[in-house]
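Asker: Got a sequence here, can you model it:
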Amino acid sequence: MFRQWALALAKPIHVRLRSQKVELFCEHLSDTGLTLLDVGGGIGIAGEFLRLYSHFSKVVMANLEPSLRELDGHRVLQVAADGRRLPFNDKSFDWVFSNAVIEHVGKYEQQRRFADEIRRVARMGYFVTTPNRSFPLEPHTLLPFYQFLSPSWQRRMVRFSPGYLKEWEEINLLSERQMTALFPEAQVTRAGVPIFGNSLIACYKASPQ
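Answerer: Next comes the predicted model:
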């Protein structure tokens, strides 16, 4: 019951914070008829990413199972792909977007491969977000400072999680310094909760040719 209450309380907050990311991304879009690759994406909790998709003429989701479907009028192609080995040519999408995925792909070397693939296939720019490791509340478990525990202690503590993570899985949150190293040409900023910033955003927009 406590978990259900906590998740119900957190849902509108998550939607609002995700909508804020969409607004920040849209500020960088000035052209029309562009293509977007959403790595590990989806429409969001309440369809908040559909607004983002409406800015693009073509949207491809690199995810688990390929399909072609209509999402409120947005034709989105889903492709089976590993974000660390994207099956696309260099600069094959105008923009690449990835929301809170890089922390799930493995340890730092795997995260580097993921980042390098995003940088490789983006022509005009990319917008990558991840939870801020320095933020005291870990977002998957909603437990304070959970991200600083060893895996063995995380396995013990995850049972007390009021968040959506009920069983242990490897999640490697990144610091601002690590995000800057992974996306060296990008501007890395904090976003979300005022002052502290529960999210980190790496945003890069290529200079006009």
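Asker: secondary structure element for Arg51?
Answerer: helix 50-53 (DSSP states H and E).
Asker: Rounded mean pLDDT for that helix, please.
Answerer: Mean pLDDT, helix 50-53: 85.
Asker: same check, this time on stretch 110-125
Answerer: 97.
Asker: ok so, going back, so which elements touch the helix holding Arg51?
Answerer: helix 2-26, strand 34-39, strand 74-80 (3 or more C-beta pairs under 8 Å, 6 or more residues apart in numbering; DSSP states H and E). For the C-beta atoms, the positions are set from N, CA and C on the backbone; glycine is no exception.
Asker: which non-adjacent residue is nearest Ala115?
Answerer: Leu182 (4.0 Å; C-beta to C-beta, 6 or more residues apart in numbering).
Asker: that older thread, after the helix holding Arg51, next one along is what?
Answerer: strand 56-63.
Asker: Return the distance of that following strand from the chain's centre.
Answerer: Remark: strand 56-63 is offset 15 Å from the chain centroid, using C-alpha atoms, centre = their mean, to the nearest Å.
Asker: CA atoms only: put that strand into CSV for me.
Answerer: C-alpha atoms of strand 56-63 as CSV (Å, rounded to 0.1, in the frame of the first residue of the first chain):
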residue,chain,number,x,y,z
PHE,A,56,9.8,15.7,-36.6
SER,A,57,8.8,14.3,-40.0
LYS,A,58,10.2,10.9,-39.1
VAL,A,59,10.7,9.3,-35.7
VAL,A,60,12.6,6.1,-35.1
MET,A,61,12.7,4.3,-31.7
ALA,A,62,15.7,2.0,-31.1
ASN,A,63,14.2,-0.4,-28.6
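Asker: And the helices in this structure?
Answerer: 2-26, 50-53, 108-121, 151-157, 176-182 (DSSP state H).
Asker: what's the closest of those to Thr35?
Answerer: Thr35 lies closest, by C-beta to C-beta, to one member of those: helix 108-121, at 10.4 Å.
Asker: okay, and the helix or strand of this protein with the least pLDDT?
Answerer: strand 67-71 (a mean of 54; mean pLDDT, DSSP states H and E).
Asker: The longest strand along the chain versus helix 108-121: what angle between them?
Answerer: The residue-count maximum for a strand in the chain (DSSP state E) belongs to strand 122-131. If you take axes from the mean of the first three to the mean of the last three C-alpha atoms, to 10 degrees, strand 122-131 sits at 150 degrees to helix 108-121.
Asker: Use 55 as the first number for this chain going forward.
Answerer: Sounds good: first residue 55 from here, last item strand 176-185.
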